[in-house]
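K.L.:
Structure for the following, please:
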Amino acid sequence: MSQVLFNTLDLSLLITIYQCLLFAFFLLVIKKGKRKSNILLALFLLSYAAIPLDTLINFGEAFRQFAIDFSPNVFYIFGIAYWLEAVLLLLFVRSLIYKNFTLKRTDILLFVPFFLYTIYEINTWYMLDAQTKLLYLDGYQLANEPAYTRFINLFRECFRTLCGVLCLVELHRYQKQIKNEFADIEAIDLTWLKILVIGFLVIRIQAIITTLGFMTSIDLHININYALIGQVSNFMVMFLISFLMFYSLGFTTVFKGIVAKEIVPEKDPIDLEEVERIQTYMLENKPYLNHLLNLDNLSTQLKMQARSLSQIINRHFEQNFFEFINSYRIEESKRLLQQEENRKVTMLDIMDKAGFNSKATFNTFFKKSVGLTPTQYRKEQLN
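P.N.:
Coordinates of the predicted model:
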């Protein structure tokens, strides 16, 4: 029982595989939420579990010989997942932030590298006979790989990194667009998703550095410890997935999806009767006093399309929905603060009566609009 079966690196890879499988099971069987998003995240985790498994089979001291004895066909098959995991993460991000998310024909382009590489592996490995495969594996040396395989690996890591950058672009677009549909953005927490996206983006950038280090060492004979960089990445993945699992158990990420914007030509003149109807409705019915008001709610109350309402707010009032609604709330809070009977009413009560759901938004927006804090404003008005 004193014999060491696995080294520390192999253990980290095994733990990563176990975590990914457990997290995927949790998403598919136990966790509630958007079913489509849960499936995509589970598929991402399953594909990512294949990557450390591929590393163990090809380079693990305790696993390589076992894999050879089992079947030479298990080599390289799990490496296909490299071309799949980044695409699945990108689709997962889109499924979270867009209410109307569906796979489009153009999304097939993201899977082209996966299909091409699968065909390449079939032709270069799986079409060989078993004896040829065994001879190759027995005398295998990483440095003896053909030069073109290193360029394939470099392209692979650049493609994965590009998908990570596209995830960040989608998040940035979401944060910008969300203000056009919601007046309360404090409740929208992107922390978990940002950690997921940025964490794996950093790991992919490290993979590019590892690949370049390997190419430099082999082709230019400049010694770079690329293996150490790769090992650090393996440990980072293990800790990242551990953190995400524990974070998700104690915290429910709040997402309010937006509708993917269609590109439309610049448009017909604004209907001023509609503008007047909106202004009248806002003043007489005060829908902004509802803490949960959003673009869809207001458009339903006004009996008009959400996109038309958004265009009027953006073009005529030159504000996004967040600014438009909260400007009315500021006016309401100013009215309340001017009243003598509210001299001793707390700011939290004033904020609540005006429709604000966040103290931070109330204070920031009030100071920006009025030039004074709510407390300063009330003191000035009542004295």
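K.L.:
which residues of the stretch 251-383 of the chain fall in strands?
P.N.:
Under the criterion DSSP state E, counting those that start in this stretch, the stretch 251-383 of the chain contains no strands.
K.L.:
That one: helices as residue ranges?
P.N.:
Assigned by DSSP state H, counting those that start in this stretch, the helices in the stretch 251-383 of the chain fall at 272-285, 295-302, 306-315, 321-337, 347-354, 359-370, 374-382.
K.L.:
residues near R156, how many?
P.N.:
For R156, the count of nearby residues is 20 (other C-beta atoms under 10 Å). Just so you know, the C-beta spots here come from the backbone N, C-alpha and C atoms, and that holds for glycine as well.
K.L.:
ugh, typo on my part, it should be L382
P.N.:
12.
K.L.:
Please name the nearest non-neighbouring residue to it.
P.N.:
Once flanking residues are discounted, L382 sits nearest to R343: 5.8 Å by C-beta to C-beta, 6 or more residues apart in numbering.
K.L.:
Out of the helices and strands in the chain, which is least certain?
P.N.:
helix 226-250 (a mean of 74; mean pLDDT, DSSP states H and E).
K.L.:
Pull out the buried positions in it.
P.N.:
226, 229-231, 233-234, 236-238, 240-241, 244, 248 (16 or more other C-beta atoms under 10 Å).
K.L.:
what does stretch 376-383 give?
P.N.:
Those buried within stretch 376-383 under the rule 16+ other C-beta under 10 Å are Y377, R378.
K.L.:
Name the residues that touch that stretch?
P.N.:
The contact list for stretch 376-383 (C-beta atoms under 8 Å, 6 or more residues apart in numbering) reads K334, L337, Q338, E340, N342, R343, F366, V370, L372.
K.L.:
Export those as a markdown table, with columns for distance to Y288 and pLDDT.
P.N.:
Listed next are the contacts of stretch 376-383 as a markdown table, based on distance: C-beta to C-beta, whole Å; pLDDT from 0 to 100:
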| residue | distance to Y288 | pLDDT |
| --- | --- | --- |
| K334 | 13 | 88 |
| L337 | 16 | 85 |
| Q338 | 18 | 87 |
| E340 | 24 | 85 |
| N342 | 19 | 80 |
| R343 | 24 | 82 |
| F366 | 14 | 85 |
| V370 | 17 | 84 |
| L372 | 21 | 85 |
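K.L.:
What about those, which one has the most neighbours?
P.N.:
Going by other C-beta under 10 Å, F366 tops the contacts of stretch 376-383 with 27 neighbours.
K.L.:
For the residue nearest to it when sequence neighbours are not counted, give its distance to M351.
P.N.:
Of all residues not flanking F366 in the chain, P374 sits nearest, at 5.2 Å (C-beta to C-beta, 6+ apart). Noted for P374: a distance of 8 Å to M351, by C-beta to C-beta, to the nearest Å.
K.L.:
any common contacting residues for these two?
P.N.:
Counting by C-beta under 8 Å, 6+ apart, the contacts common to P374 and M351 are S333, F362.
K.L.:
what about the residue nearest to F111 when sequence neighbours are not counted, how many residues close to it?
P.N.:
Nearest non-adjacent residue to F111, counting by C-beta to C-beta, 6+ apart: V87, 6.3 Å away. By the criterion of other C-beta under 10 Å, V87 has 23 neighbours.
K.L.:
do T161 as well
P.N.:
Applying other C-beta under 10 Å, I find that T161 has 20 neighbouring residues.
K.L.:
excluding its backbone neighbours, what's nearest it?
P.N.:
T161's closest residue in space is R204 (C-beta to C-beta, 6+ apart), at 4.4 Å.
K.L.:
The one you found against R156, yeah?
P.N.:
No - between R204 and R156 there is no contact under C-beta atoms under 8 Å: 9.9 Å.
K.L.:
Distance to G199 for the contacts of stretch 376-383 - can I get that in JSON lines?
P.N.:
Output for those, formatted as JSON lines (distance: C-beta to C-beta, whole Å):
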{"residue": "K334", "distance to G199": "44"}
{"residue": "L337", "distance to G199": "45"}
{"residue": "Q338", "distance to G199": "49"}
{"residue": "E340", "distance to G199": "54"}
{"residue": "N342", "distance to G199": "48"}
{"residue": "R343", "distance to G199": "50"}
{"residue": "F366", "distance to G199": "36"}
{"residue": "V370", "distance to G199": "41"}
{"residue": "L372", "distance to G199": "42"}
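K.L.:
any idea which of those is the one closest to I57?
P.N.:
Closest approach to I57 among these (C-beta to C-beta): F366, at 60.8 Å.
K.L.:
what's the distance between the closest one and R173?
P.N.:
28 Å.
K.L.:
picking that back up, ok, the residue nearest to F111 to Y328 distance?
P.N.:
Taken as C-beta to C-beta, the span from V87 to Y328 is 43 Å.
K.L.:
ok, now N314?
P.N.:
16 Å.
K.L.:
about what we covered before: any idea of the pLDDT on the residue nearest to F111?
P.N.:
On pLDDT, V87 comes in at 96.
K.L.:
residues contacting it?
P.N.:
V87 makes contact with L110, F111, F114, C163, according to C-beta under 8 Å, 6+ apart.
K.L.:
tell me which element it falls in.
P.N.:
Counting by DSSP states H and E, the element that carries V87 is helix 82-97.
K.L.:
same deal with D54?
P.N.:
Assessed by DSSP H and E, D54 sits inside helix 35-59.
K.L.:
F243: what's it in contact with?
P.N.:
Taking C-beta under 8 Å, 6+ apart, we find F243 in contact with I195.
K.L.:
And for R150?
P.N.:
Contacts of R150 by C-beta under 8 Å, 6+ apart are T211, F214, M215, I218, D219.
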